[in-house]
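>>> the following block contains a protein sequence and its predicted model.
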Amino acid sequence: MVKGVAILLIILCHTSGYWFNNDWKFLYGIVYMWLDVFGPSLFIFLSALSVVFSITKKKGKLPEHVVRNRIFMRGVLIMLVGTLYTLVSNLWYIPNLTLPFNLYGWNILTFIGLSQIATYYACKLSEPGRIFVGFIILLFSPSLRMGLTEMILLEQGINPDIWWVQLGINTDIEGTVPPLIKSNADLNSFASIMYFILFSPTPHTPPFPWVSICLISSIWGEWLAEAMHKGTNRAYKDFHKRITKWGIFFVLIGITFGIELLTEDTARLEYLDVGLYTIANWQPIIHFPGMFRFLIHGEPSNMIYLMGMALLILSIFFYLVDLKNWTNKLTDVVMYYGKVSLSLFLIHYMLYFFFPNSLDLPFFIFAIFGYWSFLGFLMYIWIEFGDGKGSPEWIIIQMGRTADKGEDKVKQVIKKLQPEHKRPPKDG
């Protein structure tokens, strides 16, 4: 159910940026800032939980290498789907970046694929080890990204202290910064190549620091798997109390260390969403003097805050669904959206061109409910009458089955080639 709510709110956030007219565009800046907790971090969190469940469920039933290969296969397949998304995005936003470089980018899909593999290895570490490595990545990732960014700017003859002036960015309109790597020719130094590998031209969810979520959230996945294995009401309540306390703790830590307000003058340019507050100021009623550090992607306080909010969101839905058995037709519909969330994420862009910068709030509310309904009906028709053939979920399932069949055939061949050990005849 969490996935269903998350994908609906992601569609809401994305469409608000395209559909609101200039009188109402400020709502996009406000909504995106605060509803981002339902975005990449939550899906990465849930992805890590699914890997832990898979490992726990199949432990002792299947050889470890079979479990590992299936997790790896699913991760690679999701990354391939993400690569197609990257290609389309780069062709649109960075047309001068051509093959093969425009195939590479760290968006939410490519990182979810990587998170499947990262979580598998995270489970090999002890809980203290995961926390230690996770926080080391959190603390040092900003310095790594900042250092590479400044080196690239200096190589391009740009002063990092006044980058927005020299690049001619109108922060009152654009709200985001342009990519550092805009063409193949920009990959001409050690710094640019390292930045390309580690962060990519469109670093929305790069491994540093987002992999820290996989490391730390795998611990909570093991707690949930343990509670579900016990299956008692007491175990469920203990788990719920445990994650609620840790969620509150992480949120408070994130806010405490990220309470500073940042602007384009004081924030690092490498964080693409720092300008959301300027869009939020497109109204005369309230002036936002900056954006909280804990709301800016990539900041350590933001990662901690997002993990805490993911725990609290899980706590709320776990309480409603698993402890209170809160189910009805509405929850069934939301769960259905969650099951096809990958397809919805990819196809929800298709009707953006219907209302570009043209809707006020009342019409937007009407349009977004209609869009949700249309996408749900589209997926229902696709699955019921077309068996979902061609959808991302279908492709991943089919390729996974192909891999399993190939693995079974290899096992059969190996078994046939092995010498048969016959028992010696008994002495008669």
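Yep, that arrived. Just so it is clear, the structure is predicted and the values come from calculations on it, not from any experiment. Numbering: from 1, shown residues only.

>>> CA only for contacts and neighbour counts going forward, please
OK.

>>> helices of the stretch 301-428 of the chain, start to end?
Using DSSP state H, counting those that start in this stretch, the helices of the stretch 301-428 of the chain run over 329-339, 341-347, 361-386, 392-417.

>>> list the buried residues in the third one.
Going back to what we said before, that points to helix 361-386. Going by neighbour count (16 or more other CA atoms under 10 Å), the buried part of helix 361-386 is Leu361, Phe364, Ala367, Ile368, Tyr371, Trp372, Leu375, Gly376, Met379, Tyr380.

>>> need phi/psi at Leu125.
Per-residue torsions, Leu125: phi -90, psi 160 (degrees, to the nearest 10).

>>> next, count neighbours for it.
Leu125: 13 surrounding residues under other CA atoms under 10 Å.

>>> could you do Leu252 as well?
Leu252 has 16 neighbouring residues, counting by other CA under 10 Å.

>>> list the contacts for it?
Tyr305 (CA atoms under 8 Å, 6 or more residues apart in numbering).

>>> one step back: will you turn the helices of the stretch 301-428 of the chain into CSV that also has distance to Ser189 and mean pLDDT?
Shown next, in CSV, are the helices of the stretch 301-428 of the chain (distance: least, CA to CA, whole Å; pLDDT from 0 to 100):
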stretch, distance to Ser189, mean pLDDT
helix 329-339, 43, 86
helix 341-347, 34, 84
helix 361-386, 45, 90
helix 392-417, 37, 57
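
>>> want to throw these into CSV with distance to Pro63?
Putting these into CSV (distance: least, CA to CA, whole Å) gives the following:
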stretch, distance to Pro63
helix 329-339, 28
helix 341-347, 29
helix 361-386, 33
helix 392-417, 12
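
>>> nearest to Ile117, of those helices?
Closest approach to Ile117 among the helices of the stretch 301-428 of the chain is made by helix 392-417 (15.1 Å; CA to CA).

>>> with adjacent residues omitted, what lies nearest to Pro289?
Sequence neighbours aside, Leu261 is the residue nearest to Pro289 in space, at 7.2 Å (criterion: CA to CA, 6 or more residues apart in numbering).

>>> now Leu8
Closest to Leu8 by CA to CA, 6+ apart is Trp372, at 7.2 Å.

>>> how about Phe355?
Nearest non-adjacent residue to Phe355, counting by CA to CA, 6+ apart: Trp19, 5.3 Å away.

>>> pLDDT weak spots in the chain?
Applying pLDDT under 70 to the chain flags residues 164, 168-178, 267-275, 396, 399-428.

>>> point to the residue nearest the middle of it.
For the chain, the residue sitting closest to the mean C-alpha position, by CA atoms, centre = their mean, is Pro40 at 2.9 Å.

>>> what sits closest to that residue if chain neighbours are left out?
In space, and not counting its chain neighbours, Pro40 is closest to Ile108: 5.9 Å by CA to CA, 6+ apart.

>>> wait, the one you found sits on Thr205?
Yes. Ile108 is within contact range of Thr205, at 5.9 Å (criterion: CA atoms under 8 Å).

>>> please enumerate the shared neighbours of these two.
The contact sets of Ile108 and Thr205 overlap at Pro40 (CA under 8 Å, 6+ apart).

>>> all strands of the stretch 51-200 of the chain, in order?
Taking DSSP state E, counting those that start in this stretch, the stretch 51-200 of the chain contains no strands at all.

>>> for the residue nearest to the centre of the chain, give its distance to Lys58.
According to CA to CA, to the nearest Å, Pro40 stands 27 Å off from Lys58.

>>> pull the number of nearby residues for Phe294.
26.

>>> distance of it from Leu306?
9 Å.

>>> please apply the same query to Arg242.
According to CA to CA, Arg242 stands 17 Å off from Leu306.

>>> looking at these two, which one has more neighbours?
Leu306 (28 against 15).
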